[in-house]
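Student: Structure for the following, please:
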Amino acid sequence: MPKHPKVIITCAVTGAIHTPTMSDGLPITHDDIAHQAIEAAEAGAAILHLHTRDPEDFRPSVEPEHYSAILARVKQSTNAVVNITTGGSPTMRIKERLKAAEHFSPEMCSLNMGSMNFAFHPLVVNGQKTWTTLGQHANMIFCLVRTDPEAKQQEGISFLLIDMNTPGIEVRPIILLDGSPEVNEVWFTDVKVPVENLVGQENKGWTYAKYLLSHERTNIAGVGFSQAGLAAVKRIARAETQNGRPLIENPHFAARVAQVEIDLRAMATTNLRIISKAAAGGAPGVEASMLKVKGTVIRQEINDLARRAVGPYALPFSSEAVEGSNDLLPDPHGAGPVAAQYFNNRKLSIFGGSNEIQRGIIAKVKLGDGR
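Tutor: Below you'll find the model as predicted:
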């Protein structure tokens, strides 16, 4: 008589990632879960891998009170080994996932380490992203997309990498005052994104975005841009005259230059401290917001000083100057792009998180409860 290998049957009657829309037969109430677990044991399952759900909204739950009724019926009606899951949901920490297992001390306990995605279908993105700088040249874009519409505000957002050549993506230029399409609208219509393009865990995108924004805000401070701009202002102010004397000797103008140079040197020192912290493995905190506010105010002040220093030379608009042409410009100071830079850089205090929002963050962290 042939020998057959011994088989141990394990059955998970419901799960954490499945929803009723995937299957009409999915048990989600405590009664249904207990009933199908008992039926599975009667059909030959030796191990019952048990999940439970919140009876109010049927979301995955790890609360012991949601397991109690199920376990009581299963233990009374079967001899199956109980395996309480620690799968929970992707938003739960390990300590939360272990709550029911630590409470009941079952015969078995599975521990799901890391992020798992059982979907074999792509993510479908619909919507619009505006003010995408130089998007017409991009081949990839990262987007923060809403993946849990019922989650509150910053939760339920995922971080996706999307190929710009994917069908359904349309880039529409936004023409600025200088005639250039520097920024764009990007429209997504049923854009299919492979699940492997999900960065990190689903619904944790805002956590990753905050980390990136802290570095972006540090960069927006633009210490190097301001240092070069201030040197140009001084050069122009020494060459331009007012009432027969160099503009740099005008007390009012000189005081503005001195003040912005003091602010710039202080900001450069702060910037070096943050860079040193990052080099040691740290990440910018509220200092990034401070740099963003102060750095953009300094750059805008330098733009204004340059515009005032060149006087009437700032009036003509030279597209060649804005585009960085090497052709000689019709003025002694290379002032062709000065006015365009002044108006364009009004955006500095808006993008990357407006300065008003950053001041609120600074006040909350330094004066409030710090959360």
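Student: need the strands for this structure, in chain order.
Tutor: For the chain, applying DSSP state E gives strands covering 10-12, 47-50, 52-53, 60-61, 81-84, 108-109, 123-129, 140-146, 157-163, 169-174, 183-193, 198-199, 241-242, 245-246.
Student: Between strand 157-163 and the longest one, find me the angle.
Tutor: If you take axes from the mean of the first three to the mean of the last three C-alpha atoms, to 10 degrees, strand 183-193 sits at 90 degrees to strand 157-163.
Student: Tell me the buried residues in strand 183-193?
Tutor: 183, 184, 186, 187, 188, 191, 193 (16 or more other C-beta atoms under 10 Å). Glycine gets a C-beta too; all of them are placed from N, C-alpha and C.
Student: repeat for the first one
Tutor: Judged by neighbour count (16+ other C-beta under 10 Å), strand 10-12 contains these buried residues: 11, 12.
Student: Need the mean per-residue confidence for it.
Tutor: Rounded to a whole number, the mean pLDDT of strand 10-12 is 85.
Student: who does that strand pair up with?
Tutor: strand 47-50 (parallel) (DSSP bridges).
Student: outside of the strand it pairs with, which residues touch it?
Tutor: Residues from elsewhere that reach strand 47-50 (C-beta atoms under 8 Å, 6 or more residues apart in numbering): 8-13, 33, 37, 40-41, 67, 70-71, 74, 78, 80-85, 108, 110.
Student: ok, which stretches of the stretch 201-350 of the chain are helices?
Tutor: Counting by DSSP state H, counting those that start in this stretch, the stretch 201-350 of the chain has these helices, from start to end: 205-220, 223-239, 251-279, 286-310, 319-322, 338-344.
Student: for the protein, what are the low-confidence residue spans?
Tutor: 1-4, 16-23, 87-94, 109-121, 178, 316-334, 369-371 (pLDDT under 70).
Student: Report the central residue of the protein.
Tutor: Nearest to the mean C-alpha position of the chain, by C-alpha atoms, centre = their mean, lies residue 209 at 1.9 Å.
Student: so where do the helices sit in the stretch 1-150 of the chain?
Tutor: Using DSSP H, counting those that start in this stretch, the helices of the stretch 1-150 of the chain run over 30-42, 64-77, 94-97, 99-104.
Student: Tabulate those helices (TSV), appending distance to residue 343 and mean neighbour count.
Tutor: Putting the helices of the stretch 1-150 of the chain into TSV (distance: least, C-beta to C-beta, whole Å; neighbours: other C-beta atoms under 10 Å) gives the following:
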stretch	distance to residue 343	mean neighbour count
helix 30-42	63	18
helix 64-77	59	16
helix 94-97	51	14
helix 99-104	57	18
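Student: Thanks again, I'm all set now.
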